[in-house]
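Undergrad: Got a predicted structure plus its sequence, pasted below:
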Amino acid sequence: MQRFWVNIDGNIEEHTVPESIDEVVPGVCWGGPEELFTPAFWKYQSEAQMRRNLYRDHRLGETLLEEIAVCLLGGYGIPAEMGMIAFQRLRDEGLLDGHANEQALHDRLIEPFAVGGKQRRYRFARQKASYLARSLERARDFSVDVPERQLREQLLVLPGIGPKTASWVVRNHLDSDEVAIIDVHLHRACVMMNVFEADSHPAKDYFGLEDLFLKFANAIKVRASILDAVMWDFMRRIGPTSKPMKVAAPAQLQLAL
């Protein structure tokens, strides 16, 4: 067995994972916890974050409609920070209850936002205003008292919402481990481990990749919602050119996020 240690306010916890050459799922070896992007590394990171009570609360909105809005406002081509500040403006002005029309939403989205001391404009304002107006109106009668994947199926009929955004809403609002957000960051992490094939693409086989990820999370005994969030944040910050490497001896590992 391999050992790693998590330091929580001076309290040292010891954890173990199988040997590096053992398979966690077919074709994927555990690797070492000191090696970036291995299953053992993600197990270590997830255990450390869970014990710090991080990445447990995924909700960004108070209601399902707000969660739909914040996920629609983020996503492809929109930095996470811009998506959040746009969401906060629309929410503060009471425009996310499913009654605001497209023009009202567009008028507020095209006004510049103060981001990092600079004035920034929200991209795709017209398109997102249209999606928001139509989706929130149709979702006003949606119930969350249904199975998680059934709620996702309902969300998939809304304008501008595909499998990733629908899964994001469900994961956040219901704290669900039944879905996964397969975006470019998580996909890259899973390709590095050989959990996903290098030529795979979420747009072509989203649900097949999701199934592989959920099986992987179960195999390393980490909640899928937490593993998803940890991978997303780490890969987003470390950048697209990162490559596997050793970072420290196991006994010296420090939290990398």
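TA: Nice, I can see it.

Undergrad: what helix or strand is Asp211 on?
TA: Using DSSP states H and E, Asp211 sits within helix 202-219.

Undergrad: again with Val191
TA: helix 184-193.

Undergrad: which other residues reach that helix?
TA: 28, 31, 37-39, 42, 180, 196-198, 200-202, 209, 212-213, 216, 228, 231-232, 234-236, 240, 244 (C-beta atoms under 8 Å, 6 or more residues apart in numbering). (Each C-beta comes from the backbone N, C-alpha and C, glycine too.)

Undergrad: Write the ChimeraX selection for whichever of those are buried.
TA: To isolate the buried ones among the contacts of helix 184-193 in ChimeraX, judged by 16 or more other C-beta atoms under 10 Å, type:
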select :28,31,37,38,39,42,180,196,200,202,209,212,213,216,228,231,232,234,235,236
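
Undergrad: re the thing from before, average pLDDT for the helix holding Val191?
TA: Mean pLDDT, helix 184-193: 96.

Undergrad: Ok, stretch 25-40 next?
TA: On average, stretch 25-40 scores 95.

Undergrad: distance between that stretch and the chain's centre?
TA: For stretch 25-40, the separation from the chain centroid amounts to 21 Å (computed by C-alpha atoms, centre = their mean, to the nearest Å).

Undergrad: and if you look at stretch 192-202?
TA: Worked out by C-alpha atoms, centre = their mean, stretch 192-202 lies 17 Å from the chain centre.

Undergrad: and what of stretch 149-157?
TA: Taking C-alpha atoms, centre = their mean, one finds stretch 149-157 lying 18 Å from the centre of the chain it belongs to.

Undergrad: Check stretch 9-17 too.
TA: So, by C-alpha atoms, centre = their mean, the centroid of stretch 9-17 is 26 Å from its chain's centroid.

Undergrad: CA atoms of it as PDB?
TA: In PDB, the C-alpha atoms belonging to stretch 9-17 read as follows (Å, rounded to 0.1, in the frame of the first residue of the first chain):
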ATOM      1  CA  ASP A   9      -4.800  22.400  11.500                       C
ATOM      2  CA  GLY A  10      -1.900  20.400  12.900                       C
ATOM      3  CA  ASN A  11      -3.800  17.100  13.000                       C
ATOM      4  CA  ILE A  12      -2.100  14.600  10.700                       C
ATOM      5  CA  GLU A  13      -4.300  12.000   9.100                       C
ATOM      6  CA  GLU A  14      -2.800   9.000   7.400                       C
ATOM      7  CA  HIS A  15      -4.500   7.500   4.300                       C
ATOM      8  CA  THR A  16      -3.600   4.600   2.000                       C
ATOM      9  CA  VAL A  17      -4.100   3.700  -1.600                       C
END
